[in-house]
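>>> Okay, here's the prediction I keep looking at, along with the sequence it came from:
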Amino acid sequence: MGIAEHERRFRQWLGEHTGLLLKVVRSFAEAPADQDDLFQEILLQVWLSMPGFREDSKPTTWLYRVALNTALAWKRQEKKRRRRHSALPVADPVVPTASSAGAEQNGHVVDQLYAAIRALPAGKRALVVLYLDGFTYREIAEVVGISESNVGVSLNRIKRQLAAAVKEPGHGS
Amino acid sequence: MDPEKLQQAWQSQPSGSQIHIDADVLMREVRHNQQSFRVTIFWRDCREIFVAMIVLVVVSLDVAVRGIGRNWPWLLIGVGAAWAAGYLLFDRWRQRRNAPHSEGTLVAHIEQSLKDVEHQIWLLKNVFWWYLLPIALGGLIPTLYFFATDLRTRQFHAVLGPFLFTTGIFIAIIYGAYLLNQYAVRRGLEPRRRELLAMRDSLFNSEESHD
């Protein structure tokens, strides 16, 4: 892959899949500064790993692999922070553009959901992010590298945990 | 809340096209981070060579000033430092070839990271053999050599004091360096190893363990 093609694809994926990357970021880091750090780390790993991308896999699956692997290996660093830039969409990545009451309630549910995900062990966070984004058990098994039955057993338990942790709007917190 | 509703709420988050990003700025940040990453790797390797070179140069100059004919055994310190740096660089090069690829499966990535951490633990636990011993020998052999040669011309009690003092200082430095390395294993590497094991176990659906 030439440098021009490398850059073109990177920009294209950035435009199409930033939402995916930000979901991973928010599932693994809570503070805005940490989210910023992890987001940049993921972008760097995507950029560095891009020459290894094979056309036979879907970009979203590949991006999830890189993003989740990076998030699992990422360590919060108190002292050494990367240079921050105000243009990064991490500070408030999931605020919906619509300001309706429904969107606000949905935002509240999503906030609770992220908090519940972050309370899970790191490995399980990876599973749940893929499940919530609509990946099948087979696809999750391929990304994670475990059997489908393992995915099923783990997710059944996680789903119960999340269902208990996230309150429906209007049911109190 | 029903898991299906959770899925719907999750999927209703803005996708990439709905999020405003400045691609040029991000591109610059990525390039900047890539450059920092390479510079960090480069200087980390250079540091080992520089330290060994500085030891070698200082020892060589000292020997040259004091007379090579009599003081050449001190050059062994430089040889010991060069060996330690060479071994470290060789090991790092070998490890870099097996570095985990971010695009592999999560389990493969965790297992490779685990291997890396376990190798680092092994390296630091055995730091005496590959790092400290060569340097220690480089210092202790000349000390012993000069002790033996001084005995021919001076009284035993006159050379014993300086010999014990020099040897004691050397052993204290080596022992201190050994303790520091073991502290790094306990403080940084063992917790990371446990964290990775817990992460891998959590994927294989064994007992729940939070990181």
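Received, thanks.

>>> excluding its backbone neighbours, what's nearest the residue most central in space within chain A?
Nearest residue to the geometric centre of chain A (Cα atoms, centre = their mean): A:V24, 1.4 Å. In this structure, A:V24 finds its nearest non-sequential neighbour in A:A67, 4.2 Å apart by Cβ to Cβ, 6 or more residues apart in numbering or on different chains. In this view, the C-beta of every residue, glycine as well, is placed from N, C-alpha and C.

>>> mind listing what that neighbour touches?
Contacts for A:A67 were tallied using Cβ atoms under 8 Å, 6 or more residues apart in numbering or on different chains; they are A:20-21, A:24-25, A:42, A:45-46.

>>> can you rerun that using 6 Å?
Applying Cβ atoms under 6 Å, 6 or more residues apart in numbering or on different chains to A:A67 gives the contacts A:21, A:24, A:42.

>>> on that earlier part again, so how far is A:G123 from the residue nearest to the centre of chain A?
Note on A:V24: its distance to A:G123, by Cβ to Cβ, to the nearest Å, is 14 Å.

>>> And A:H108, by the same measure?
From A:H108 to A:G123 the distance is 27 Å (Cβ to Cβ).

>>> who's more crowded, the two?
With other Cβ atoms under 10 Å in any protein chain shown as the criterion, A:H108 and A:G123 differ in neighbour count, and A:G123 comes out ahead with 26 against 15.

>>> helices or strands next to the host helix or strand of that one in the packing?
According to DSSP states H and E, A:G123 maps onto helix A:122-132. Other helices and strands packing on helix A:122-132, by 3 or more Cβ pairs under 6 Å, 6 or more residues apart in numbering or on different chains; DSSP states H and E, are helix A:148-165, helix B:190-203.

>>> most tightly surrounded among these?
Mean neighbour count (mean count of other Cβ atoms under 10 Å in any protein chain shown) peaks for helix B:190-203 among those, with a mean of 18.

>>> Which positions within stretch A:111-118 qualify as buried?
Under the neighbour-count criterion of 16 or more other Cβ atoms under 10 Å in any protein chain shown, stretch A:111-118 has A:112-114, A:116-117 buried.

>>> What mean pLDDT does it get?
For stretch A:111-118, mean pLDDT is 93.

>>> cool, and stretch A:35-55?
87.

>>> Quick one: the helices in chain A, in order.
A:3-28, A:32-49, A:59-73, A:101-118, A:122-132, A:137-144, A:148-165 (DSSP state H).

>>> Go through these and pick out the most buried.
helix A:122-132 (a mean of 25).

>>> what's the distance between B:M1 and chain A?
5 Å (Cβ to the nearest Cβ, to the nearest Å).

>>> What is the least confident helix or strand in chain A?
helix A:101-118 (a mean of 84; mean pLDDT, DSSP states H and E).

>>> ditto for chain B
helix B:23-66 (a mean of 78).

>>> from the middle of its chain, how far away would it be?
Counting by Cα atoms, centre = their mean, to the nearest Å, helix B:23-66 is centred 14 Å from the centre of its parent chain.

>>> hmm, it touching chain A?
Yes. Contact of helix B:23-66 with chain A is found when judged by Cβ under 6 Å from any Cβ of the partner chain, involving B:23, B:25, B:29-30, B:33.

>>> How about the next helix or strand after that helix, which residues are buried there?
If you walk from helix B:23-66 toward the C-terminus, the next helix or strand you reach (DSSP H and E) is helix B:68-71. When burial is assessed from 16+ other Cβ under 10 Å, helix B:68-71 yields the following buried residues: B:N71.

>>> count of residues packed around the residue in chain B that chain A sits nearest to?
Chain A sits closest to B:T105 of chain B, with a gap of 3.0 Å, by Cβ to the nearest Cβ. Neighbourhood size, B:T105 [other Cβ under 10 Å]: 19.

>>> was I right about B:V185 contacting B:L124?
Yes. Using Cβ atoms under 6 Å, B:V185 is in contact with B:L124, at 4.9 Å.

>>> Specify which residue of the two has the higher count of neighbours.
Neighbour comparison, B:V185 and B:L124: the larger count goes to B:L124, with 20 against 17 (by other Cβ under 10 Å).

>>> what secondary structure does B:M1 sit in?
coil (DSSP: H, G, I helix; E, B strand; the rest coil).

>>> Quickly find the element holding the residue nearest to B:F128 when sequence neighbours are not counted.
The shortest distance from B:F128 to any non-neighbouring residue, by Cβ to Cβ, 6+ apart, is to B:Y178 (5.7 Å). Using DSSP H and E, B:Y178 maps to helix B:156-184.

>>> by how many degrees do that helix and helix B:190-203 diverge?
30 degrees (axes from the mean of the first three to the mean of the last three Cα atoms, to 10 degrees).

>>> Run through the neighbouring helices and strands of helix B:156-184.
helix B:133-153.

>>> which residues touch residue 151?
Answering for chain A, as no chain was given. For A:V151, the contacting residues are A:137, A:140-141, by Cβ under 6 Å, 6+ apart.

>>> I was thinking of chain B, sorry if that wasn't clear
By Cβ under 6 Å, 6+ apart, the neighbours of B:L151 are B:V159.
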